[in-house]
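compute the structure for the input listed below.
(one chain, ligands or ions: 1)
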Amino acid sequence: MQANMAHELYQKIAETKLLPLYTATDLSLLGKLEEILVKNDVRFIEVTFRSSLANEAIKQLAASGELIVGAGTVRTLAEAKSAVANGAQFIVSPAIVPEVIEYCIQQDIPVFPGTATPGDIQRATEYGIRVVKFFPADIYGGLKAIKALSGPFYDVQFLPTGGINEDNFTEYLQDEHIIAVGGSFIISESAIQKDSEAADKTLAALVAKR
Ligand code: 3PG
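The predicted structure is shown next:
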């Protein structure tokens, strides 16, 4: 089993129920991002390695200490190591990446490997992992699939991402095997850029509905 760090984080994620996934292409918006998340008491952010600014964004957000900052879309050991060196407190991958999982376990960093099939989930549990990302949730059967997978994997909790949106997220959250939902629908750089007040209101509405 992943040790203490993971348990504490799982508890906090389970309370927050929302894990925003954020890709940074403009560091000047990070202050606004942090302000909106703090205001709505969503103290998590998953910064993805889908832009070259991931490490710098993780570093800046982690340094201010207001949010629990994680790294997402982590596909290599090098990304995991640099994210952790810059202050990432958890790692999310789109798949099972053995070297990333092994490194995180060694460093006592909570890791959410991406899974979509019984085989993937089995592999994750063999590492002692009990909370997995389920991705892409909408394509791989959504809530119906999670319910079916929770039969044999009764001791696993799921973090579905991919195609989760403001219309379907509450349905996911009603399932006891779902720890939280993740995705870019919670807040995004483009939403902040376009109208930060509207982004704030959108988040407030999600928080109220969860
Ligand atoms: C992920 O990596 O978790 C997904 O790409 C998120 O999907 P979304 O953009 O549909 O929320």
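
closest residue of this protein to the ligand?
Residue nearest to the ligand within the chain: G183 (2.7 Å; CB to the nearest ligand atom). Heads up, the C-betas are built off the backbone N, CA and C, glycines and all.

residues near the nearest residue to G163 once chain neighbours are set aside, how many?
Leaving aside its chain neighbours, G163 sits nearest to D138 (2.7 Å; criterion: CB to CB, 6 or more residues apart in numbering). D138: 16 surrounding residues under other CB atoms under 10 Å.

isn't D138 up against D167?
No: the pair D138 / D167 is not scored as a contact, 11.6 Å apart, by CB atoms under 8 Å.

ok so, going back, can I assume the residue nearest to G163 sits in a strand?
No: under DSSP: H, G, I helix; E, B strand; the rest coil, D138 sits outside any strand and is assigned coil.

beyond the helix or strand bottoming out on mean pLDDT in the chain, next helix or strand please.
Across the helices and strands of the chain, mean pLDDT, DSSP states H and E gives its lowest value to helix 4-16, namely a mean of 89. Next helix or strand after helix 4-16 toward the C-terminus (DSSP states H and E): strand 18-22.

that following strand: how far from the chain's middle?
Chain-centre distance of strand 18-22: 6 Å, with CA atoms, centre = their mean, to the nearest Å.

so which elements touch the helix or strand just after it?
Note on strand 18-22: by DSSP H and E, the next helix or strand toward the C-terminus is helix 30-39. Secondary structure elements in contact with helix 30-39, counted by 3 or more CB pairs under 8 Å, 6 or more residues apart in numbering; DSSP states H and E, are strand 44-48, helix 54-64, helix 189-194, helix 196-209.

how about 10 Å then?
strand 18-22, strand 44-48, helix 54-64, helix 189-194, helix 196-209 (3 or more CB pairs under 10 Å, 6 or more residues apart in numbering; DSSP states H and E).

export the ones you listed to CSV and tack on mean neighbour count and distance to the ligand?
Below are the helices and strands packed on helix 30-39 laid out as CSV (neighbours: other CB atoms under 10 Å; distance: least, CB to the nearest ligand atom, whole Å):
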stretch, mean neighbour count, distance to the ligand
strand 18-22, 24, 5
strand 44-48, 26, 7
helix 54-64, 20, 13
helix 189-194, 16, 12
helix 196-209, 15, 13
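
and of the ones you listed, who's closest to A95?
Of all those, strand 44-48 sits nearest to A95, with 14.1 Å by CB to CB.

what pairs with that closest one, and is each one parallel or antiparallel?
strand 18-22 (parallel), strand 68-72 (parallel) (DSSP bridges).

what comes up buried for the next helix or strand after the last one?
When you say that, I think you mean strand 68-72. For strand 68-72, the following helix or strand on the C-terminal side (DSSP H and E) is helix 77-85. Buried residues in helix 77-85, counted by 16 or more other CB atoms under 10 Å: 77, 79-84.
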